[in-house]
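>>> my questions concern the predicted model and sequence given below.
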Amino acid sequence: MATAAEIAAVRLNTDEPTEAVYTDEDITDLVGSEGGVVQASAAIWRQKAARWASMVNTSAEGASYSFGDRARNALAMAKDFDSRVVVAATSTGGGVRSRAITR
């Protein structure tokens, strides 16, 4: 069960401030199934990319709209959150270590 703080963090990470698309239960399920807040955030960004994949860039009445960039940008966000998981997994968590040099 995701805490209120975890749900709020996922909402902040994914620009989903309301339950219009993802309910608190949806986010709770993702946090549980994906393994944490960062992983759930990456999953939501991948879902957004899939939803926006068919959008195209267009021009109309002298204005241009880069709707096609939405999917690319969402995938970039997912990749960013995925990289945070890798960094956390490889971190020793022990801080700086040093030892005496013997000559």
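All right, it came through fine.

>>> helices along the protein, start to end?
In the chain, the helices defined using DSSP state H lie at 4-14, 24-34, 37-52, 69-90.

>>> and the third one, what does it pack onto?
Packing contacts for helix 37-52, counted by 3 or more CB pairs under 8 Å, 6 or more residues apart in numbering; DSSP states H and E, involve helix 4-14, helix 24-34, helix 69-90. Glycine gets a C-beta too; all of them are placed from N, C-alpha and C.

>>> let me have these in CSV, adding distance to V56 and mean neighbour count as columns.
Formatted as CSV, the helices and strands packed on helix 37-52 follow (distance: least, CB to CB, whole Å; neighbours: other CB atoms under 10 Å):
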stretch, distance to V56, mean neighbour count
helix 4-14, 23, 17
helix 24-34, 28, 17
helix 69-90, 10, 14
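
>>> hang on, the earlier thing: of all the helices of the chain, which one comes closest to T58?
Closest to T58 of the helices of the chain is helix 69-90 (CB to CB; 11.7 Å).

>>> thinking again about what came up before, please name whichever of the helices and strands packed on helix 37-52 is nearest to R51.
So among the helices and strands packed on helix 37-52, helix 69-90 is nearest, using CB to CB, at 8.3 Å.
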